[in-house]
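Undergrad: generate a structure from the sequence data that follows.
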Amino acid sequence: MRSLIAAALLLGIVLLSLLFYASSGSSAFSDSLPTLFVGGGALGVALLVLLGWRMWWLQKRIRRGVFGAKLTLKLLLMFGVVAMLPGLVVYGASVFFLNRSIETWFDVRVDNALASGVNLGQAALDDLLRDLDKKAQRMALTLSDQGVGSMITSLSTLREQSSVQELTLFDERGGVVAHVSGDSGTLLPVLPDRAVLWQVRQQQPYSRIEEVPERGLVMHVIVPVYTSALSGETRVLQLVQPVPARLAHDAQAVQLAYQEYQQISVSRLGIKRIYGVALTLTLMLALLMTFVIAYLLSERLGAPLRTLARGTRAVAKGDFSQMPSVSSRDELGVLIQSFNRMTRQLSDAREQVAQNHQQTEQAKAFLERVLANLSSGVVVLDDTLRVRTANSAAAQILGVDVATLDARLLAELGEPGEALRTLGTTVAARFGEHEGEWQEQIDYAAHGGSQSLLLRGTRLPPGVERGYVLVFDDVTKLIDAERNAAWSEVARRLAHEIKNPLTPIQLSAERIARKLDGRLEPADAEFLGRATQTIVSQVAAMKSMVDAFAGYARMPRAKLEALDLNALVREVLALYDGKALGLVLGLEEGLPRIAGDSTLLRQVIHNLLQNAQDALSGHPAPRVEVGTRLRTNNHAVCLTVTDNGAGFPEHLMTRLFEPYATTKAKGTGLGLAIVKKIVEEHHGKIQIENIKSGGAAIRIALPVFGAGGENT
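TA: I've put the predicted structure just below:
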């Protein structure tokens, strides 16, 4: 593109130079003016097309939103206006002065002066020619009576007397009769045309001022010479007299100047048009070349800005590798250098930020790994008691998703009435009451179960971001273990301390009854018998209770093996009256074997069925459902026993697995405690809930054999 523009500019300069040279009157190029005009016009059209194409391309870039295109257009228009205004002024002044100058060339006084000079020279020549004609007439009269023999002598005499350079006498046929000349270098006379000779014989004398080759401007007079004899032939006398050299030169100069003036005067309009076309073409080419040069300059000035724009867009996208090269030392070069320094600083800052961020992320990931592997729940709060972060253990203990806790106010966790809302309100109140650390154990009931949570809260120390940390643990199993251990110890001591005196008491009562048998009155004997029977029956009851406590304290460890739960359930149910219980079976077929102890699990099923039977005592339509199914995770089998009795009292729901927690008038309340202990020995879980329609449901989940539940 630049090569094409440079070639067009060079060609334009050459055409303008040739046009100026041809317009100045140079004969070498004056005939080529039309060709130069056509070439200049074609070049102008080519430049106009080139400029129009570049303007269309620039407008297209503006529509596409290319950075710097509008600036290029603005600079182009500014350069164009700056070049056009003085060009038009100079063009107008040139046309005006050109017209005025050409008009002054053809002033009336100059025209009259040239005409007067021509007339003056012509008058002087006419006077000389008339004088020579008179001399010719006198010579013709003198020669009319002269014979041929004395003709040359007469001509010589007449030439010397008249001071004529050359005399020649011709006969009727144009032959030279005699010739005399004062110039020794002239041997041959000037021969007139036959038409001139014929004109003279017709009595029409001939007198002219003519240009003769090698002689210059001469006066040429031819007159007839008549003889006195009637039969004599008419001869012709020719006089040739050179015009004086000074006069001939001046006359020719004036005549030539006048002729040229007349020619120029006639072509005055053409000259104006030629000069006007030349000036217009020059202006057009100059303006077009100026616009083209202005476009190149605009592109060159806008190039650094476009480079900066590309670098700015790259920096905005995060690419700091764009470093524009600096090729100038002006303000734009300084600006590019500043941009490069800024880019390097931003790149260094981003690398530093990336390193810091990486270190922070590593520290955060390490902290998250530590928190994720903690068994304790950890919740970090800001100074408004809004949750900032919580580990997975916290969500697992509370039975919710981590997203439920994230960015929520502590007092707004969960829905109103839910255990999570109660927990959040309690913790928020404790943080408001204590400035330092605090600790509290609360009961948390969610998803049908009850948990004991040990809460520990503290305020973040000064120097770090303000906020609070809440740490809590599910101590339900720990409390249950402690309680079970305590009950086991109590049961062991009761069995040891109470069982020993029971037998002597029973034996003593029986001996007293036998000793006094027959010695008392009937009424006293009857009283003694009733008392003795009461002592014996109560001792037996106490022995049964002590045996139960002893069995609870001496619970054997489970020997786990692959066991078919459905088969075990059917085996135990065969011992019960299904019609009396309203028994309904829902055993899922194809269940995997569980890891269990058949003896202990048989005791569990017996206890659950006995509890259901006791709860349905006196019920008009008893119904007991026993079912098994595989959990969705395929790692546990669930055993469910449901009845339609009265259910469990709400105040005992949190203490059902404690010894001596029972709703029966008689019994120790060790049944569910033993069931829970056996289930825990099998690494399973047990859950109890009341049914809204009436009754209770007990669900036991036992691990599948080979899924981590086998005895190792």
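Undergrad: can you pull out the low-pLDDT segments for the stretch 451-600 of the chain?
TA: Applying pLDDT under 70 to the stretch 451-600 of the chain picks out residues 463-464, 484-485, 487-500, 541, 544-556.
Undergrad: show me the strands in it, by range?
TA: Across the stretch 451-600 of the chain, reading from the start of the chain, the strands by DSSP state E, counting those that start in this stretch fall at 468-474, 561-563, 583-587, 594-596.
Undergrad: show me what the last one is packed against.
TA: It refers to strand 594-596. On a contact count with 3 or more CB pairs under 8 Å, 6 or more residues apart in numbering; DSSP states H and E, strand 594-596 meets strand 561-563, helix 565-573, strand 696-703. C-beta coordinates here come from the backbone N, C-alpha and C atoms, glycine included.
Undergrad: what does that strand contact?
TA: Taking CB atoms under 8 Å, 6 or more residues apart in numbering as the criterion, the residues outside strand 594-596 that touch it are 558, 560-563, 565, 568, 637, 682-683, 702-706, 709-711.
Undergrad: now with 10 Å?
TA: The set of residues that contact strand 594-596 without belonging to it, under CB atoms under 10 Å, 6 or more residues apart in numbering, is 558-565, 568, 601-602, 604, 628, 636-637, 639, 678-679, 681-684, 701-711.
Undergrad: from those, list the buried ones, please.
TA: Among the contacts of strand 594-596, the ones that count as buried by 16 or more other CB atoms under 10 Å are 558, 560, 563, 565, 568, 601-602, 604, 628, 636-637, 639, 678-679, 681-684, 701-705, 709-710.
Undergrad: what about the helices in the stretch 401-550 of the chain?
TA: Under the criterion DSSP state H, counting those that start in this stretch, the stretch 401-550 of the chain contains helices at 402-405, 419-433, 476-515, 522-553.
Undergrad: ok, which of those comes nearest Gln204?
TA: Closest approach to Gln204 among these is made by helix 402-405 (138.5 Å; CB to CB).
Undergrad: okay, domains of the chain per the record?
TA: The chain is divided into the following domains under automatic domain parsing: 2-105+267-310, 128-249, 374-474, 492-553, 561-703.
Undergrad: with respect to Ser347, which of those lies nearest?
TA: Using CB to CB, the nearest of those to Ser347 is domain 2-105+267-310, at 16.2 Å.
Undergrad: can I get stretch 180-193 as PDB, trimmed to CA atoms?
TA: Written as PDB, here are the backbone C-alpha positions of stretch 180-193 (Å, rounded to 0.1, in the frame of the first residue of the first chain):
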ATOM      1  CA  VAL A 180      24.100  44.500 -65.600                       C
ATOM      2  CA  SER A 181      24.800  44.400 -61.800                       C
ATOM      3  CA  GLY A 182      26.800  46.400 -59.400                       C
ATOM      4  CA  ASP A 183      27.500  43.400 -57.300                       C
ATOM      5  CA  SER A 184      30.400  41.400 -58.700                       C
ATOM      6  CA  GLY A 185      29.200  38.300 -56.800                       C
ATOM      7  CA  THR A 186      25.900  38.300 -58.600                       C
ATOM      8  CA  LEU A 187      26.300  36.700 -62.000                       C
ATOM      9  CA  LEU A 188      22.700  35.500 -62.600                       C
ATOM     10  CA  PRO A 189      19.800  37.800 -62.600                       C
ATOM     11  CA  VAL A 190      16.600  37.300 -60.600                       C
ATOM     12  CA  LEU A 191      14.200  35.500 -63.000                       C
ATOM     13  CA  PRO A 192      10.600  36.600 -62.700                       C
ATOM     14  CA  ASP A 193       7.700  34.200 -63.200                       C
END
